[in-house]
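Enquirer: build me a model:
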Amino acid sequence: MSEITYDYMEEYIRGLIPDRDGTLKEIEDFARENGVPIVQKETGVFLEFMTSMKKPKRILELGTAIGFSSILMYQASGNEPEIITIERDEKMIELATLNLKKFNLSHKIKIEEGDCLEILEKLNEPFDLIFMDAGKGHYNHFLPHCLRLLKEDGIIVADNVLFRGMVASQELVKRRKITIVKRMRTYLELVTQDKDLITSVIPMGDGIAVTKRR
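Expert: Model (predicted):
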């Protein structure tokens, strides 16, 4: 169990989602078999839903992994958006680059190699949608930059905000994860208590927070 929802709920919800096919399924299978952290099945559908509804022209992703969610967002948008995705792991970048080529998206999805904070500091052009899925202990540090780069009507989608249930329950917290949990709680406090923002925290997957300006 993910400690976010009950097993029977999780299994039922995932059972409603049709399996992917083709190259995307191959990428998804590779990730599961090799322990590569990509979005959970229901989170992926939620991300597709938000992207198809928002139809962003520019997307920023923190955490590329092997490119799965970037490809999902590109396809779901329906309007050929420009996507910038940040990743520091060279092996992940190598695999993501290969996957983007399979979809002929190398010219539309740009991978920025390096530390998220360092790259965020260099970015200036605004984004319609920002997907936060890297450096779980640094979301609160990413937030000021993301708000600076977010268009007035833009949306921030942050994954893993309940972090295996530990963020919501002290009883689940593992000693080696205390710092991450504290920082994630700080992030959630920042986006829910800021009067200029409105945030919905959704107990789906590993926890999702969707934030926009009021």
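Enquirer: and the residue nearest the centre of the protein?
Expert: D133 (3.7 Å; C-alpha atoms, centre = their mean).
Enquirer: so where do the strands sit in the chain?
Expert: Assigned by DSSP state E, the chain shows strands spanning 58-62, 82-87, 109-113, 127-132, 150-159, 197-202, 208-213.
Enquirer: quick one, what contacts E113?
Expert: Counting by C-beta atoms under 8 Å, 6 or more residues apart in numbering, E113 touches E87, R88, E90, I93. C-beta coordinates here come from the backbone N, C-alpha and C atoms, glycine included.
Enquirer: what is the mean pLDDT for stretch 136-156?
Expert: Across stretch 136-156, pLDDT averages out at 96.
Enquirer: determine the longest helix present in this structure.
Expert: Using DSSP state H, we find that the single longest helix of the chain is helix 178-193.
Enquirer: show me what it is packed against.
Expert: Contact partners of helix 178-193 among helices and strands, from 3 or more C-beta pairs under 8 Å, 6 or more residues apart in numbering; DSSP states H and E: helix 139-149, strand 150-159, strand 197-202, strand 208-213.
Enquirer: among the ones you listed, which is nearest G35?
Expert: Among these, strand 150-159 comes nearest to G35, with 17.0 Å by C-beta to C-beta.
Enquirer: now the helices and strands packed on helix 178-193 in JSON lines, with mean neighbour count and distance to R14?
Expert: Putting those into JSON lines (neighbours: other C-beta atoms under 10 Å; distance: least, C-beta to C-beta, whole Å) gives the following:
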{"stretch": "helix 139-149", "mean neighbour count": "18", "distance to R14": "25"}
{"stretch": "strand 150-159", "mean neighbour count": "20", "distance to R14": "16"}
{"stretch": "strand 197-202", "mean neighbour count": "15", "distance to R14": "15"}
{"stretch": "strand 208-213", "mean neighbour count": "20", "distance to R14": "15"}
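Enquirer: can you put those in TSV and add distance to S70?
Expert: Shown next, in TSV, are these (distance: least, C-beta to C-beta, whole Å):
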stretch	distance to S70
helix 139-149	17
strand 150-159	13
strand 197-202	21
strand 208-213	17
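Enquirer: out of the ones you listed, which comes closest to L100?
Expert: Nearest of the helices and strands packed on helix 178-193 (C-beta to C-beta): strand 150-159, 20.2 Å.
Enquirer: name the strands paired with the closest one and say parallel or antiparallel.
Expert: Partners of strand 150-159 in the sheet, by DSSP bridges, are strand 127-132 (parallel), strand 208-213 (antiparallel).
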